[in-house]
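Participant: turn this into a structure:
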Amino acid sequence: MSPLLRLGRRLRYPRLSFDLRAENAYYGVPLPRPSFAEIFPEEVRGYPENFGKGGSFNFMIHMQDVMAKPMPDFREGSIVKGRILEIRPREVLVDVGYKSEGVIPLAEFDDVDSLEVGDEVEVLLERLENEEGMVVLSKEKAAYRQNWNKIVGVFQGDGLIKGKVKSVVKGGLMVNIGVEAFLPASQIDVVPPKDLQQFVGNTYDFKIVKLNDDRKNVVLSRREVIEKERSEKRLKFMEGVNVGDRVTGTVKNITDFGAFIDLDGMDGLLHVTDMTWGRLGHPNELLKVGQQLEVVVLDINKEKERVSLGLKQTQKNPWDQIEERFPAGQRIKGKITNLVPYGAFVEIEEGVEGLIHVSELSWTKRIMRPSDILSVGQEVEAVVLGVNKEEQKISLGLRQLEQNPWDEIEKKFTIGSQVKGKIRNMTAYGAFVELEEGIDGMIHVSDLSWTRKINHPSEVFKKGDEVEAVVIDIDKVNQRISLGIKQLTDDPWKTIDEKYKIGDLVKGKVTKLASFGAFVQLQDDIDGLVHISQLSEDHVAKVKDVLKVGQEVEARVIKVDKVERRIGLSIKAANYTEEQLRKEAEALDILRPGEDMVGLEKAFAAAEQEEYRPGESKKAENESTEPKRESKKDSKKK
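Facilitator: Numbering: from 1, shown residues only. Down below sits the predicted model:
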C-alpha cells in the first residue's frame with residue numbers, strides 16, 4: 001500500500017481514498033492525479049514552500065507521526081466513530097475512516113434539525129462492505145448496545161432510571177429508557193389506572209425489576225418508586241405532625257363512609273361524620289376528587305400508619321350554648337331536610353337539626369307517615385320541646401302550635417253521657433269508635449253485654465257500624481275515652497234473685513253442648529247451665545245422646561249465684577216435689593270440690609275454657625255434637 005493511501009486512510013479523507021482506488025485501476029481507467037491541495041490537509045499544506053526549498057525533511061517527520069498513530073479496528077459488530085459528510089432527505093452519509101462511506105437512515109437520529117455536516121457520531125459497524133461496496137452502519141444499534149450496557153450497570157446498582165412512555169400495549173406500557181422496556185399496568189401506580197393513554201409521552205422515574213440479558217428484555221416498575229417515596233414522606237409526616245395540627249391535603253378518593261385525603265404521600269381518612277356539623281347524605285355532596293382542603297388531625301396511629309382527619313373541626317361548633325339559643329318552648333323556623341317513617345328532620349340553622357316525631361305532628365289526626373303532610377325543602381314553624389346537647393338532638397313539635405283539644409275534652413264529653421259514633425277499628429280486646437275527627441273512644445269486650453261472654457268485637461259489630469254508647473271514663477293525660485254498650489241498659493243480674501228463685505220451673509233453648517253439660521238460654525239473654533248429672537235419673541255418658549242444640553227444654557232452678565252471675569238448672573228435677581228438690585239442692589251443695597265436672601263452680605269454669613272463640617277451630621264442638629264412627633273391632637265386641 002502506498003504511503004499516500006495509508007496517509008489518506010489515517011487522515012480520513014475519503015476523496016484521497018477514492019482517487020487512489022481509481023489510480024489503482026479499480027474501475028479500469030485511471031483518473032487524473034489530484035493536486036497537492038486536494039490530497040493533503042491544511043496542516044500538511046502548511047509546508048508548501050519547504051517542499052521545493054529543502055523542507056522535505058520536516059514534511060517526512062510529520063508524515064511519520066501521522067502513520068505512527070494506531071489504525072482503527074474495523075471489525076463487524078464493533079462501535080466506531082464517524083463524521084457526517086452529507087445530510088440527505090432520507091439518509092445521512094457518514095465516514096468512519098474506512099475505504100468507503102456508510103449511509104444511515106435519517107429516522108435513526110433523534111434531533112434531525114440540529115444535525116450538521118462535520119458532526120461526530122458513534123455508529124455500529126454491521127458489515128464492512130455491502131453489494132454496492134459501502135460500509136453498513138447503524139447509529140440506533142450502537143446506541144442500543146451502549147444503553148444496554150448502561151442499563152445492566154443500573155440494574156446491578158439501585159435500579160433507578162428515567163424513561164419516556166412510548167405507547168400503550170396489551171397489559172401495560174412500552175417505555176424508552178435507551179432500550180425498549182415493558183411497564184405492566186399493575187406497576188404503573190399504587191392504584192392501577194383505568195386510562196393508560198394519559199401516560200403516553202410523559203417522562204417518569206422507574207425501577208428496573210427484571211432484566212434478561214439473553215432475550216434483551218427489561219421489566220420496569222413505577223409503583224415501587226412511588227411507594228418508596230410515599231413511605232419516606234409518611235415517616236417524615238408522622239414525625240412532624242401532632243394531634244390538633246392543621247394540615248392541607250388533596251381529596252384522593254371518595255367512598256360511602258368518607259374520603260381519603262392525600263397529605264403529600266400520607267393518606268388520611270376524613271370520615272363522613274367529621275365533614276360537617278349538619279346533615280350530609282353522601283360525601284360527594286360536599287367534596288370532589290382533586291379538591292384541596294385544610295383539615296385538623298384528630299388521631300394518629302403510628303403503628304398502623306393511620307391518620308384520622310376532621311373538616312368540621314376547622315369551624316366553630318354550632319352546638320355550643322345550644323340550650324341558651326334554643327330553650328324549650330321557643331318557636332323556631334326551619335327547612336325540612338329529610339323525611340323518615342318516624343318523623344321529619346328540620347334544619348333550624350347551619351349544622352343544627354331538630355326532629356319532629358310523627359306523634360308530634362297533630363293532636364287529633366292519625367298521621368301514619370310524615371310525608372302525608374310534609375315535603376323535603378318545605379319551610380315550617382315548630383316549637384322546641386327539648387334539647388340534648390351531649391347527643392346533639394333537638395326535639396320539635398308541630399302540634400304544639402295549636403291548642404290541645406284534649407285540654408277541654410271533659411267539657412265536650414262527660415262521664416255517663418250517651419254518645420254516637422262509627423266503628424273505626426277492632427282488636428281482640430275491643431272496638432274503637434270515632435266520636436269526632438281525631439277523637440276516639442274504646443269499647444272493651446267486657447263492656448259489650450251484661451249476660452253474654454263475648455270474646456271478640458266482631459261477634460257483635462263490623463267495621464263502619466254506627467253505634468251508641470255511654471262514656472264510662474276519661475283519661476285526659478293519656479288521651480283515652482272508655483265507652484260501654486251494656487251500660488245503655490240495666491244490669492239484669494242486679495235483680496236476678498227476684499226473677500229466678502230456687503225451685504222455679506223455667507223454659508229455654510239449648511244454645512251449646514259441652515262434655516260436662518248444656519247451656520240453656522233463658523229470658524234477658526241469661527244462660528243457665530244444666531250439669532250432665534242433672535240431665536236424667538239414668539246415667540248419661542254423653543250429653544249429645546240426650547240433648548241437641550236448639551232443643552226446647554223445661555228445667556228447674558236449683559242454684560242462683562248473684563255474685564258470680566251463674567244459674568244452675570236441672571232437667572231431671574222438673575217433676576220433683578218440693579221435698580225431692582230440697583234434697584237435690586242439698587246434695588249439690590255438699591259435693592266435694594275435687595270431683596271433676598260435678599260442682600257447678602267447676603262446670604262454669606270448664607265452660608269458659610270450652611266456649612268457642614272467633615278464629616278457633618270448631619272441631620271440638622263438632623266432636624261433642626256428632627257421634628263418632630265405631631270401628632269394626634268395637635262393633636264386633638258389642
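
Participant: neighbouring strands - and their directions - for the helix or strand hosting Leu569?
Facilitator: Taking DSSP states H and E as the definition, one finds Leu569 inside strand 566-570. Applying DSSP bridges, strand 566-570 is found paired with strand 527-531 (parallel), strand 552-561 (antiparallel).

Participant: tabulate those (a markdown table), appending distance to Glu391.
Facilitator: Every residue, glycine included, has its C-beta placed from N, CA and C. Putting those into a markdown table (distance: least, Cβ to Cβ, whole Å) gives the following:
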| stretch | distance to Glu391 |
| --- | --- |
| strand 527-531 | 59 |
| strand 552-561 | 59 |
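
Participant: and Val80, bridged to which residues?
Facilitator: Val123.

Participant: so what's the closest residue in space to Asn338 that isn't next to it in sequence bridging to?
Facilitator: Once flanking residues are discounted, Asn338 sits nearest to Phe345: 4.4 Å by Cβ to Cβ, 6 or more residues apart in numbering. When assigned by DSSP bridges, Phe345 has beta-bridge partners Asn338, Leu355.

Participant: domain assignment for the protein?
Facilitator: Per the record, the chain has its domains at 3-68, 79-142, 158-226, 241-314, 327-401, 405-488, 497-625, by automatic domain parsing.

Participant: could you tell me the least trusted of those domains?
Facilitator: If those are sorted by mean pLDDT, domain 3-68 sits at the bottom with a mean of 47.

Participant: can you show me the helices along the stretch 351-500 of the chain?
Facilitator: 409-412, 496-499 (DSSP state H, counting those that start in this stretch).

Participant: how close does the residue nearest to Phe74 when sequence neighbours are not counted get to Pro457?
Facilitator: Leaving out its chain neighbours, the residue that sits closest to Phe74 by Cβ to Cβ, 6+ apart is Tyr98, at 5.5 Å. Separation of Tyr98 from Pro457 (Cβ to Cβ, to the nearest Å) stands at 120 Å.

Participant: between the two, which one's more packed in?
Facilitator: The residue with more neighbours, out of Tyr98 and Pro457, is Pro457; 25 against 21, by other Cβ atoms under 10 Å.

Participant: report the contact partners of the more buried one.
Facilitator: Pro457 makes contact with Ile423, Met426, Thr427, Gly430, Ala431, Ile443, Val445, Leu448, according to Cβ atoms under 8 Å, 6 or more residues apart in numbering.

Participant: let's see it at 7 Å
Facilitator: Met426, Gly430, Ala431, Val445 (Cβ atoms under 7 Å, 6 or more residues apart in numbering).

Participant: quick one: it and Ser449, what's the gap?
Facilitator: Counting by Cβ to Cβ, the gap from Pro457 to Ser449 is 11 Å.

Participant: ok, back up a step: winner for burial among the strands paired with strand 566-570?
Facilitator: strand 527-531 (a mean of 23; mean count of other Cβ atoms under 10 Å).

Participant: any idea what Ile394 is bridged to?
Facilitator: Those that pair with Ile394 in a beta bridge, by DSSP bridges, are Val387.

Participant: now do the same contact list for it.
Facilitator: So Ile394 contacts Phe326, Gly354, Val384, Val387 (Cβ under 7 Å, 6+ apart).

Participant: can you list these in TSV and add distance to Gln292?
Facilitator: Listed next are the contacts of Ile394 as TSV, based on distance: Cβ to Cβ, whole Å:
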residue	distance to Gln292
Phe326	35
Gly354	34
Val384	39
Val387	36
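
Participant: buried subset of those?
Facilitator: Phe326, Gly354, Val384, Val387 (16 or more other Cβ atoms under 10 Å).

Participant: mind checking how far the third one is from Ser362?
Facilitator: So that's Val384. 18 Å.

Participant: same thing with Lys463?
Facilitator: 23 Å.

Participant: before we move on, what about Lys544?
Facilitator: Distance from Lys544 to Ser362, by Cβ to Cβ: 57 Å.

Participant: looking at those two, which has the bigger crowd around it?
Facilitator: Lys544 (18 against 14).

Participant: before we move on, the earlier item: let me know which of the domains of the chain is the nearest to Lys150.
Facilitator: In terms of Cβ to Cβ, the element of those nearest to Lys150 is domain 158-226, at 6.4 Å.

Participant: ends of the closest one, how far apart?
Facilitator: Start-to-end span of domain 158-226 (Cα to Cα, to the nearest Å) is 15 Å.

Participant: go on, stretch 324-341?
Facilitator: Termini of stretch 324-341 sit 30 Å apart (Cα to Cα).

Participant: do the same with stretch 297-315
Facilitator: 14 Å.

Participant: return the set of buried residues in it.
Facilitator: Val297, Leu298, Ile300, Val307, Ser308, Leu309, Gly310, Leu311, Lys312, Gln313.

Participant: among those residues, which ones are in strands?
Facilitator: Val297, Leu298, Ile300, Val307, Ser308, Leu309, Gly310 (DSSP state E).

Participant: tell me the two of those residues that are most distant?
Facilitator: Using Cβ to Cβ, those span at most 12.7 Å, a distance reached by Ile300 and Gly310.

Participant: sorry, back to before: need the helices of the stretch 351-500 of the chain in a markdown table with mean neighbour count and distance to Ile571, can you?
Facilitator: Below are the helices of the stretch 351-500 of the chain laid out as a markdown table (neighbours: other Cβ atoms under 10 Å; distance: least, Cβ to Cβ, whole Å):
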| stretch | mean neighbour count | distance to Ile571 |
| --- | --- | --- |
| helix 409-412 | 13 | 53 |
| helix 496-499 | 14 | 20 |
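
Participant: would you mind putting those into a markdown table with distance to Val520 alongside?
Facilitator: Below are those laid out as a markdown table (distance: least, Cβ to Cβ, whole Å):
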| stretch | distance to Val520 |
| --- | --- |
| helix 409-412 | 44 |
| helix 496-499 | 15 |
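
Participant: gap between stretch 346-359 and the chain center?
Facilitator: 25 Å (Cα atoms, centre = their mean, to the nearest Å).

Participant: residues in contact with that stretch: which ones?
Facilitator: Outside stretch 346-359, the residues that reach it (Cβ under 7 Å, 6+ apart) are 276-279, 318-319, 322, 332, 334-337, 342-345, 367, 370, 380, 382, 393-398.

Participant: what's the answer for stretch 553-573, then?
Facilitator: Contacts for stretch 553-573 (Cβ under 7 Å, 6+ apart): 493, 496-497, 500-508, 510, 520, 526, 528-530, 534-537, 574, 576, 581, 584-585, 588, 600, 604.

Participant: need the distance between the two termini of stretch 344-353.
Facilitator: So stretch 344-353: terminal residues 10 Å apart, Cα to Cα.

Participant: before we move on, the earlier item: going by distance to Lys476, which of the buried ones among the contacts of Ile394 wins?
Facilitator: Val384 (24.0 Å).

Participant: list the contacts of that closest one.
Facilitator: Phe326, Pro327, Ala328, Gly329, Gln330, Ile332, Ile394, Leu396.
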